[in-house]
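[1] below are the sequence and a predicted model for it; my questions follow.
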Amino acid sequence: MLIDIDFSGRHVMVFGGTTGINLGIADCFAQRRGRVTVVSRKQENVDAAVAQLQRHGGEVLGVVADVRDPQATKAAVDASVARFGPIDVLISGAAGNFLAEAKDLSPNGFGVVVDIDLKGTFHVMHSAYPHLSRPGASVINITAPQGQRPMPRQVHACAAKAGIDQVTRVLAQEWGPEGIRVNAISPGPIGDTEGVRRLVASNPQAKERAQARIPLRRFGELDDIGNLAMFLSSPFAGYLSGAIVPCDGGGSVEADRHRPE
Ligand code: HXC
Ligand code: NAP
């Protein structure tokens with residue numbers, strides 16, 4: 001189910017938008033008639049995402065770029081702005097992750113996640129800043145519970161996502177006076193996604209245990225995150241900035257973990 005907000009003609013740019021959660025977000029905006037650009041590293045992912053989004057009948061652009069490369073990130077922004085004009089909605093969601101204890105992580109293993117998630121988010125925001133609609137742009141970073149909650153075998157992602165949370169808050173401070181709102185979405189485990197496959201539910205038993213810890217007793221769906229992204233980018237959220245918004249079925253409070261027997 002999608003909430004009914006119209007994004008006709010709005011320029012929506014989604015970094016990391018070719019698979020999973022971020023493609024789900026892009027799809028929601030495309031369904032609501034936004035003009036959508038998706039960006040990622042792999043040509044085949046970009047092509048498949050563009051084909052999916054075009055089925056909704058609107059204008060779609062796909063660009064290959066690695067957010068670790070500030071020049072490539074800027075070139076992607078320039079291409080998108082040349083096609084669709086100032087950016088109304090900017091989503092930064094590119095990420096990499098895997099489970100590894102710190103003792104088993106090489107410096108490059110730690111660095112690759114920080115480079116994609118945290119430095120990539122800075123590159124995206126820095127490149128897009130001159131082209132954001134003002135007043136009115138909505139910037140959304142995709143963070144994760146790891147940003148607030150320490151998790152073993154996740155030192156790289158915890159550090160990177162905590163950094164994204166602070167980038168979000170600081171840029172909400174700096175860009176607010178220009179009418180630009182900056183928020184982050186922190187999804188809980190979402191359906192059939194790469195993040196869930198890698199980290200949460202590598203087998204059916206692990207999936208069951210993870211679901212049992214969530215107050216709403218289910219993993220999220222792509223539309224749960226897409227709906228929140230559209231809400232945050234709509235006039236209904238016009239006074240909302242600097243927020244890290246969990247969308248996790250209550251997972252961030254995890255009542256059951258502390259329930260007395
Ligand atoms: C230890 C590892 C490792 C592992 C990679 N490395 N995998 N170390 N355990 N499982 C190390 C490598 O040895 C190397 O260090 C360094 O990381 C870089 O690896 P590369 O393969 O060269 O990097 P690259 O090709 O750039 O790929 C980046 C990646 C990859 C992050 C490693 O997995 C990727 O592209 N991921 C994108 C998709 C993804 O991860 N999606 C899930 C997002 S989920 P050395 O020293 O050997 O050179 C998420 C949170 C979800 O973000 C939260 C759920 C609740
Ligand atoms: P995913 O499908 O692997 O999505 C990652 C996307 O980022 C892909 O489109 C990937 O495409 C792109 N990407 C990766 N590295 C990139 C780089 N260096 N430059 C540009 N693009 C890059 O993972 P997901 O599980 O849907 O996660 C999406 C986002 O949600 C991430 O920010 C993740 O941390 C967050 N999240 C996910 C969950 C979950 O349940 N899945 C929970 C909490 C938070 P290419 O491979 O083509 O580059």
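    The structure has been received and is ready for your questions. Residues are numbered from 1 along each chain as shown. Ligands and ions are numbered 1, 2, ... in the order given.
[2] need the helices for the stretch 101-250 of the chain, in chain order.
    107-113, 120-128, 155-175, 194-195, 204-212, 222-232 (DSSP state H, counting those that start in this stretch).
[3] so for the first one, mean pLDDT?
    To tie it back to what came earlier, the one meant is helix 107-113. Helix 107-113 shows an average pLDDT of 98 in the prediction.
[4] got the helices of the stretch 101-250 of the chain as JSON lines, with mean neighbour count columns?
    To be clear about C-beta, it is placed using only N, CA and C from the backbone, and glycine gets the same treatment. Below are the helices of the stretch 101-250 of the chain laid out as JSON lines (neighbours: other CB atoms under 10 Å):
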{"stretch": "helix 107-113", "mean neighbour count": "15"}
{"stretch": "helix 120-128", "mean neighbour count": "23"}
{"stretch": "helix 155-175", "mean neighbour count": "19"}
{"stretch": "helix 194-195", "mean neighbour count": "15"}
{"stretch": "helix 204-212", "mean neighbour count": "12"}
{"stretch": "helix 222-232", "mean neighbour count": "22"}
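[5] how about those helices in TSV, adding distance to ligand 2?
    Below are those laid out as TSV (distance: least, CB to the nearest ligand atom, whole Å):
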stretch	distance to ligand 2
helix 107-113	9
helix 120-128	6
helix 155-175	7
helix 194-195	2
helix 204-212	10
helix 222-232	8
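[6] how about the ones you listed in JSON lines, adding distance to Ile142?
    Shown next, in JSON lines, are the helices of the stretch 101-250 of the chain (distance: least, CB to CB, whole Å):
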{"stretch": "helix 107-113", "distance to Ile142": "14"}
{"stretch": "helix 120-128", "distance to Ile142": "9"}
{"stretch": "helix 155-175", "distance to Ile142": "8"}
{"stretch": "helix 194-195", "distance to Ile142": "10"}
{"stretch": "helix 204-212", "distance to Ile142": "19"}
{"stretch": "helix 222-232", "distance to Ile142": "8"}
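[7] lowest average pLDDT across those?
    helix 204-212 (a mean of 91).
[8] in this structure, what residue is nearest ligand 1?
    Gly96 (2.4 Å; CB to the nearest ligand atom).
[9] so which helix or strand takes in that residue?
    Gly96 is part of no helix or strand when elements are defined by DSSP states H and E.
[10] burial check on it, number of neighbours?
    18 (other CB atoms under 10 Å).
[11] contacts only, for it.
    Residues near Gly96 by CB atoms under 8 Å, 6 or more residues apart in numbering: 112-113, 116-117.
[12] gap between it and ligand 2?
    5 Å (CB to the nearest ligand atom, to the nearest Å).
[13] and that residue, what's its pLDDT?
    98.
[14] tell me the backbone dihedrals of it, please.
    phi -130, psi 150 (degrees, to the nearest 10).
[15] any idea how far Ser106 is from His156?
    To His156, Ser106 is 11 Å away according to CB to CB, to the nearest Å.
[16] does Met13 touch Thr73 like I think?
    No - contact between Met13 and Thr73 fails when scored by CB atoms under 8 Å: they sit 10.9 Å apart.
[17] more neighbours: which of these two?
    A side-by-side neighbour count of Met13 and Thr73, using other CB under 10 Å, places Met13 first with 30 against 26.
[18] show me the beta-bridge partners of that one.
    Thr37, Leu90 (DSSP bridges).
[19] contact residues of the stretch 151-261 of the chain facing ligand 1?
    Contacts of the stretch 151-261 of the chain with ligand 1, taken as CB under 6 Å from any ligand atom, map to 157, 189, 194-195, 198-200.
[20] let's go with 5 Å and repeat that
    189, 194-195, 199 (CB under 5 Å from any ligand atom).
[21] pull the most distant pair out of the residues you listed.
    Using CB to CB, the pair of these lying farthest apart is Pro189 and Glu194, separated by 11.6 Å.
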